[in-house]
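Enquirer: how would this look folded up:
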Amino acid sequence: MFGAFLELNEIRVYEVPAQGRELRTGNDAVDIMSAASEHRSECIAIPVERLGDDFFELRTRIAGELIQKFAMYGARIAIVGDISRKLAASRSFSALVAESNRGRDLWFVDSLDELAARLAEERRRDAELR
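Expert: So this is what the prediction gives:
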């Protein structure tokens with residue numbers, strides 16, 4: 001799996017390629033984390049194009065399996081892209097996104113620019129706490 005490695009506000013980010021098969025299993029998550037760790041990435045950006053419609057329907061448990069695997073290994077993940085229609089279609093998915101975006105390990109963002117801004121804000125807060 002080839003992707004791009006970016007520096008966003010001095011944080012190394014592995015950007016999963018938008019083209020490729022849908023991510024559906026814990027093994028897919030492990031493959032992504034392996035690729036990211038090769039270059040010591042601190043964050044993984046996954047484009048929404050790599051997540052099938054099943055991911056956004058929580059009853060399928062695909063999102064849960066992927067998110068759990070990333071969390072188990074301590075990976076910081078950003079799902080990048082427009083999910084506005086998915087949010088409008090599902091209260092439970094909207095609740096998941098709202099809760100995730102309050103934390104530090106799983107964010108849903110519209111763009112890499114938004115991810116960069118969130119990473120910068122987090123870095124600023126961390127510096128203030130020291």
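
Enquirer: Can you tell me which residue is spatially central in this protein?
Expert: In the chain, the C-alpha nearest the mean C-alpha coordinate belongs to Ala78, at 2.4 Å (C-alpha atoms, centre = their mean).

Enquirer: Phi and psi next, for that residue.
Expert: phi -130, psi 120 (degrees, to the nearest 10).

Enquirer: now swap in Gly103 and tell me
Expert: Torsion angles, degrees, to the nearest 10, at Gly103: phi -90, psi -160.

Enquirer: Touching, the residue nearest to the centre of the chain and Leu115? I think so.
Expert: Yes: with contact defined as C-beta atoms under 8 Å, Ala78 counts as touching Leu115 (4.9 Å). C-beta here means a position set from N, CA and C on the backbone, and glycine is covered the same way.

Enquirer: who does the residue nearest to the centre of the chain bridge with?
Expert: Beta-bridge partners recorded for Ala78 (DSSP bridges): Ala45, Trp107.

Enquirer: so who does it touch?
Expert: 13, 43-46, 106-109, 115, 118 (C-beta atoms under 8 Å, 6 or more residues apart in numbering).
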